[in-house]
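> need coordinates for the following:
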Amino acid sequence: MSYRTIRSMLFWAALLVVPCVSGTISADDEYQKTIYVRVGDLAPNIQLQDDQGGSWKLSQHVGKKYLVLFFYLGDFMPLCTKQAVTYRDTLRKLEALGAEVIGISGDSAANHAKFKEANRLNFTLLADVDGEVTKAYGVAISGPSTTKVKNVNGKTTYYSRNITASRWTWIIDKEGRVIYKNTSPQYTEDAKQVLAFLEKTVAEAKRK
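Just a heads-up that it's a prediction; the model follows:
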C-alpha cells in the first residue's frame, strides 16, 4: 500500500472521528448543567413557608411517613384545583397507608391560605416563591403568571406568582429516598396513581 493511500485513509478517518468526540463532550457539558433527581436518590432538602406562615422542613418529617410531594402550576388554576381536590378526597386512604401529602407551587403563603380555605383542603401547601426547591428537584419552571378568580358576587381577585412550576409528583420513603417520580401526572389521575403505588409498596413491605 502506497504512502499516498495511507495518508488519504488517515485523513478521512480523522473526519469521521472528530464529530463523534465533539458530540460526546457536548452531551457531558449539558448533563452538568441539568439537575437530575432519580428514583433511588436522596431527596433534596426542603425548608419553605407553609400556608399558615410557619416553617416546614423536610428533615423534620423524613422517617415518620411516606411523603407525597406534588408540584403544581398555581393556586386557583382550574386544573390545579381539580388535582388538589382529588388529593383532598383521597387523603384518608393515603394516610391509612402512612403517607403525608404536601402541595408545592410558586404562590405565596397568603395565596395558599385562601386557596386551601376555598377548597377545604386538608393537607399542607408550601410557598416556593423563588423557585429554589422547584429547581433543586429539577422540576421545569416557566415565568410569572396570574390567575383571575371571580366570586359568586362578581368580584374579581387576581392571584400572582413569581414562578410557575410544572406538574410533577414525587414520593419519598422513610429513609429519605425518592421511590416514585412522575413528570407528567394527569390532574384527575395523580392521586389515584399515587394511592395505587403506595398500596403496592406497603403490601410488598409486609410480605418481607
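
> low pLDDT regions in this protein?
Along the chain, segments meeting pLDDT under 70 span 1-34.

> center of it - which residue?
W168 (3.7 Å; CA atoms, centre = their mean).

> which residues touch G40?
Going by CB atoms under 8 Å, 6 or more residues apart in numbering, G40 touches 177-179. To be clear about C-beta, it is placed using only N, CA and C from the backbone, and glycine gets the same treatment.

> and the residue nearest to the centre of the chain, how close does it get to A205?
25 Å (CB to CB, to the nearest Å).

> returning to what we had before: neighbour-wise, which of the contacts of G40 leads?
V178 (20 neighbours; other CB atoms under 10 Å).

> secondary structure class for that residue?
At V178 the chain is in strand, as set by DSSP: H, G, I helix; E, B strand; the rest coil.

> surely it meets I171?
Yes: V178 is within contact range of I171, at 7.3 Å (criterion: CB atoms under 8 Å).

> which of the helices or strands spans E204?
helix 190-207 (DSSP states H and E).

> now R38. Its backbone dihedrals?
phi -110, psi 160 (degrees, to the nearest 10).

> now do the contacts for it.
Here R38 is in contact with 178, 181 (CB under 8 Å, 6+ apart).

> domain ranges for the chain?
Domain segmentation of the chain under automatic domain parsing yields 1-34, 47-207.

> looking at these, which is buried most?
domain 47-207 (a mean of 17; mean count of other CB atoms under 10 Å).

> quote the end-to-end distance of it.
Distance across domain 47-207, first residue to last, is 35 Å (CA to CA, to the nearest Å).

> show me how far it is from its chain's centre.
With CA atoms, centre = their mean, to the nearest Å as the basis, domain 47-207 stands 9 Å off its chain's centre.

> and the spatially closest residue to K174 that is not a sequence neighbour, how far from V85?
In space, and not counting its chain neighbours, K174 is closest to G63: 5.3 Å by CB to CB, 6 or more residues apart in numbering. Taking CB to CB as the measure, G63 falls 29 Å from V85.

> and if you look at P78?
Distance of P78 to V85, given as CB to CB: 11 Å.

> same check on T164?
For T164, the distance to V85 - CB to CB - is 20 Å.

> repeat that for G103.
The value you get for G103 to V85, if CB to CB is used, is 11 Å.

> name the residues contacting each of those two.
L121.

> picking that back up, next up, the contacts around the residue nearest to the centre of the chain.
Taking CB under 8 Å, 6+ apart, one finds 70-71, 137, 139-140, 181-183, 185 in contact with W168.

> closest to K148 out of those residues?
F71 (22.0 Å; CB to CB).

> state the phi and psi torsions of that closest one.
Per degrees, to the nearest 10, the backbone of F71 is at phi -80, psi 140.

> just checking, it touches D107?
No: the pair F71 / D107 is not scored as a contact, 11.6 Å apart, by CB under 8 Å.

> circling back: could the domains of the chain go into JSON lines alongside distance to D41?
Formatted as JSON lines, the domains of the chain follow (distance: least, CB to CB, whole Å):
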{"stretch": "domain 1-34", "distance to D41": "14"}
{"stretch": "domain 47-207", "distance to D41": "5"}
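
> could you pull out the helices for this structure?
3-33, 78-96, 109-118, 132-136, 190-207 (DSSP state H).
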